[in-house]
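Q: sharing a sequence plus its predicted fold:
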Amino acid sequence: MRVRILGAGIIGLSCAEELIRRGHEVVVVDRDPGRGASYAAAGMLSPSSEVWHGEGALLDLGLRSMALWPGYAGRLGIPLHTTGTLLVGRDGGDLQLVERQCALLARHGLDVPMLERRQVRRREPMLGPRVAGGAWLRDDHSVDPRAVLAALLVRARVVAESAAPAEVTVVATGSRLPEPFGRLVRGVRGEIVRARGDGLPAHTVRGWVHGDPVYVVPRASGEVVIGATSEEHDGPPVVSVGGVARLLQAARELVPGLDRAEFVEAIARDRPGTADNLPLVGPSEVDGVVLAAGHFRHGVLLAPLTAQLVADHLETGCVEPALDPRRLSRDGLTREGTSR
Ligand code: GLY
């Protein structure tokens, strides 16, 4: 099959890699490959810490895709960071949020015991002494999305534009979908800070500081990615002084060693949110156009599963009902949704 993919982010490129592997002819179209939301992403492969009430379907998808990641990363020659994720609370109220997350996971059959302050610090000595406690999500890992993008870009043929005929077009342009699909996603700005130094954690640390959510994701290079703000907005995704200040304030409370770290970068991109927080993967109402979009907070995690689903759909016509893009048009839903 001749396939044109619009968008060279982690979703579009993962679809390309899977389709090429299966013997299809693929061209990816993007004027600025690999520089969208995937370029800013922290790369948490963390179905458990991301799930929220009413998102059981998303948790299932995340766990299915997580199971694909070791093989996918191996194929791309990219290491996974497999120390697990520490979910922590700075004060008593924050610890209640950790407990609630563990209770939510228990309702989905995932048993995550709580750890006392000293147990958490024994596991991750770079945590601050006043962290109140937490839990260890041993199966929630991370990957460097920029390394994944680089590996995928050498496998795909990416052009700035293409008028070449294709049997199918796959739209994977993140938070900015071409018409008539624009109303299906909305941009939810996320700001990220990168820092480098000693005294930084070996685990992904995720938690709440006086009610504010924050995460710190280590890279093998000695960098950490600190994220992320989350803001519904209609403007361009710029980095704001307030956003960076809030992130750093929260992150430094959890990881005091950040004070001595070198500030490397602050970057903002829009997450592609949908009305029900589930991605759009499958046929659209336009003949020959398939969507692989709307991955909101989960693009990196869901990339290998999305690639398989898209390739399976093109080859057999099968569609996952929960992800069928036509569900939103059928229900008259547009991009308004809920986020936290
Ligand atoms: N998945 C992390 C974020 O969207 O900030």
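A: Looks like it arrived, so ask away. Quantities reported herein were computed from a predicted structural model and do not represent experimental measurements.

Q: for this protein, which spans come out with low pLDDT?
A: Low-confidence segments of the chain, defined by pLDDT under 70, are located at 330-340.

Q: which residue is nearest the middle of it?
A: The C-alpha lying nearest the average C-alpha coordinate of the chain belongs to His298 (CA atoms, centre = their mean; 3.3 Å).

Q: which ones are touching it?
A: The neighbourhood of His298, defined by CB atoms under 8 Å, 6 or more residues apart in numbering, consists of Glu50, Leu58, Leu61, Gly62, Pro279. For every residue, glycine as well, the C-beta is placed using N, CA and C.

Q: Gly71: neighbouring residues, count only.
A: Per other CB atoms under 10 Å, the neighbour tally for Gly71 reads 10.

Q: kindly report the same for the one 4 residues further on.
A: Residues within reach of Arg75, counting by other CB under 10 Å, total 13.

Q: helix/strand/coil for it?
A: Following DSSP: H, G, I helix; E, B strand; the rest coil, the label given to Arg75 is helix.

Q: so who does it touch?
A: Going by CB under 8 Å, 6+ apart, the list of residues near Arg75 is empty.

Q: could you measure from it over to Ile20?
A: Per CB to CB, to the nearest Å, Arg75 is found 12 Å from Ile20.

Q: just to check, Pro178 is in contact with Val171?
A: Yes. Pro178 is in contact with Val171 according to CB atoms under 8 Å; the separation is 6.5 Å.

Q: between the contacts of His298, which is closest to the ligand?
A: Taking CB to the nearest ligand atom as the measure, the ligand lies nearest Glu50 of the contacts of His298, at 5.9 Å.

Q: now that closest one. Nearest residue, chain neighbours left out?
A: Ranked by CB to CB, 6 or more residues apart in numbering and with sequence neighbours excluded, the top spatial neighbour of Glu50 is Arg297, at 5.9 Å.

Q: just give me the neighbour total for the one you found.
A: Number of residues near Arg297 (other CB under 10 Å) recorded here: 24.

Q: what about it, which SS state?
A: coil.

Q: repeat for Val188
A: Going by three-state DSSP, the state assigned to Val188 is strand.

Q: mind listing what it touches?
A: Val188 sits next to Ser175, Ser230, Glu231, Glu232, His233, Asp270, Arg271, Pro272, Gly273, Phe296, Ser339 when contact means CB under 8 Å, 6+ apart.

Q: before we move on, what about Gly182?
A: Counting by CB under 8 Å, 6+ apart, Gly182 touches Arg176.

Q: try the one 10 residues further on
A: With contact taken as CB under 8 Å, 6+ apart, Ile192 is in contact with Ala40, Ala41, Ala42, Val225, Ile226, Gly227, Ala228, Leu247, Ala266, Ile267, Ala268.

Q: the ligand next: which of these are close?
A: Subset of the contacts of Ile192 in contact with the ligand: Ala42, Gly227, Ala228, counting by CB under 6 Å from any ligand atom.

Q: thinking again about what came up before, how close does the residue nearest to the centre of the chain get to the ligand?
A: The span separating His298 from the ligand equals 6 Å under the rule CB to the nearest ligand atom, to the nearest Å.
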